[in-house]
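S.K.: Provided below for reference: sequence and predicted model.
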Amino acid sequence: MAYIEIEKDLPGIRSLVLFRPETGKPLYELAQILLRGNSPLTEAERELIAAYVSYRNDCFFCMSSHAAASRCLYGNNSHIVDEVLKDMQHAPVSDKLKSLLHIAGKVQILGNQVTPEDITAARELGANDREIHDTVLIAATFSMFNRYVDGLASFTPKDPAAYEEMGKRMSEKGYVLPQKTI
Amino acid sequence: MAHIHLNNQLPGIRGLMAFSPETEKPLNDLAEILLHDDNNSLTRGEREMIGAYVSSQNDCFYCQNVHGALAQYYFQCDMQLIDAIKSNPLSAPISEKLKALLTIAGSVQKGGKYVTAEQIENARKLGASDKEIHDTVLIAAAFCMFNRYVDGLGTWAPQDRQLYIDRAKMRAEDGYSKMDVTKEPTTTNLK
């Protein structure tokens, strides 16, 4: 049960932003810009970075929902998501994306773990400044979302079907602040 | 030098915000509500202190000095007290309620699942409301983001701690949501 009085039927972040819409608004705007706004990284890749960081932070809600969104966005290649979560280094993604996921993994540990060598490696594989920036900020942002969701012990559905539905909505509609229903 | 070309000389998050104004806006809007908005039963000083404490636990020199200087400004205390709270909140001369909230923030810094029902219960017994607990968790989580953003891109930070103290009054007056990242304190807004 959650640590504070929130809507019991709503999962994860949705119950928290309804409890405090004033902070929910910039949080959803940030997610929308980072995961759906202009970026040289595809939406599928950005959702994958989010799922990867959430997996490393052991946040089942964020990992499952963003993995589901990434699967929808990868379409016929949805298996990529599960292969990255299982064994990133051997997954069928480009070396450039692996180097960015590696940086995201360092950010998940702590900012100062990212080395100039990590950056050089990504750059040599074709990553530009914007891609490196977006990767670091997505990884940092999910280090926040994961702690927010688990730190208040919000409701985490166990049924995979619930996440499939969430992923579909996230891939089609993006991040729209939930409204209180009367 | 930062890991990427920011095309500006600004330190810490200000350099990143000038590089990426699209993300600057929600980041500063979030900081505004969490740290500066007066519609909150936690004082601005308490909220900045939570940010400074988490930044210190995350070893982020820039953020712990920016927000430590703001806590010092609001508390009207010396930096020794801020440093004492950062190094050991439980033995510092602060309220038991703030100690309980900093304990929760310290758990969030390690990972969301480190927060225990006992820590929440203890804070509640000392008078913390649901909203105060919520904001403590979200401030701590938000600094786990800000710290990683600032250090993960290798931004530079002034080493002279006085420079952070010199900017605190200006930030307290201007807030976060309409931040001009290039603005420097003048003699009139210097403390």
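M.R.: Sure, I can see it.
S.K.: Let's check: the centremost residue of chain A is which one?
M.R.: What sits nearest the mean C-alpha location of chain A, by C-alpha atoms, centre = their mean, is A:A50, with 2.2 Å.
S.K.: does that one really touch A:A140, like I thought?
M.R.: No. Look at A:A50 against A:A140 with C-beta atoms under 8 Å: they stay out of range, at 11.1 Å. Every residue, glycine included, has its C-beta placed from N, CA and C.
S.K.: Can you show me the helices along chain B?
M.R.: For chain B, applying DSSP state H gives helices covering B:12-19, B:21-31, B:44-57, B:61-75, B:79-87, B:96-110, B:117-125, B:130-152, B:161-174.
S.K.: Stretch B:57-76 and chain A in contact?
M.R.: Yes. For stretch B:57-76, a contact with chain A is found by C-beta under 8 Å from any C-beta of the partner chain, at B:58-60.
S.K.: wait, stretch B:110-120
M.R.: Yes. Applying C-beta under 8 Å from any C-beta, one finds stretch B:110-120 touching chain A at B:111-113, B:115, B:117, B:120.
S.K.: are any of these buried, and which?
M.R.: B:111-113, B:115, B:120 (16 or more other C-beta atoms under 10 Å in any protein chain shown).
S.K.: Any buried residues in whichever strand or helix holds the residue nearest to the centre of chain A, and which?
M.R.: Using DSSP states H and E, A:A50 sits in helix A:43-56. Across helix A:43-56, burial judged by 16+ other C-beta under 10 Å covers A:43-56.
S.K.: Now do B:D160 against B:L153, distance only.
M.R.: 22 Å (C-beta to C-beta, to the nearest Å).
S.K.: Between those two, point out the one with more neighbours.
M.R.: The residue with more neighbours, out of B:D160 and B:L153, is B:L153; 27 against 9, by other C-beta atoms under 10 Å in any protein chain shown.
S.K.: Any figure for the gap between B:R47 and chain A?
M.R.: From B:R47 across to chain A, the span is 12 Å (C-beta to the nearest C-beta, to the nearest Å).
S.K.: correction: B:Y62
M.R.: 10 Å.
S.K.: could you list every residue that touches that residue?
M.R.: B:11-13, B:150-151, B:155, B:157 (C-beta atoms under 8 Å, 6 or more residues apart in numbering or on different chains).
S.K.: Produce a ChimeraX select command limited to the buried residues of those.
M.R.: To isolate the buried members of those in ChimeraX, using 16+ other C-beta under 10 Å:
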select /B:11,12,13,150,151,155,157
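S.K.: Regarding stretch A:28-43, how distant is the last residue from the first?
M.R.: 16 Å (C-alpha to C-alpha, to the nearest Å).
S.K.: Which residues does it contact?
M.R.: Stretch A:28-43 has contacts (C-beta under 8 Å, 6+ apart) with A:17, A:46-47, A:49-50, A:73, A:100, A:128, A:130-131, A:134-135, A:137-138, A:141, A:145, A:171, A:174-177, B:22-23, B:25-27, B:29-30.
S.K.: Kindly report the same for stretch B:175-182.
M.R.: By C-beta under 8 Å, 6+ apart, stretch B:175-182 touches B:10, B:14-15, B:17-18, B:24, B:28-29, B:31-32, B:35-36, B:174.
S.K.: now with 6 Å?
M.R.: In this structure, residues lying in contact with stretch B:175-182 by C-beta atoms under 6 Å, 6 or more residues apart in numbering or on different chains are B:10, B:14, B:17-18, B:28-29, B:31-32, B:36.
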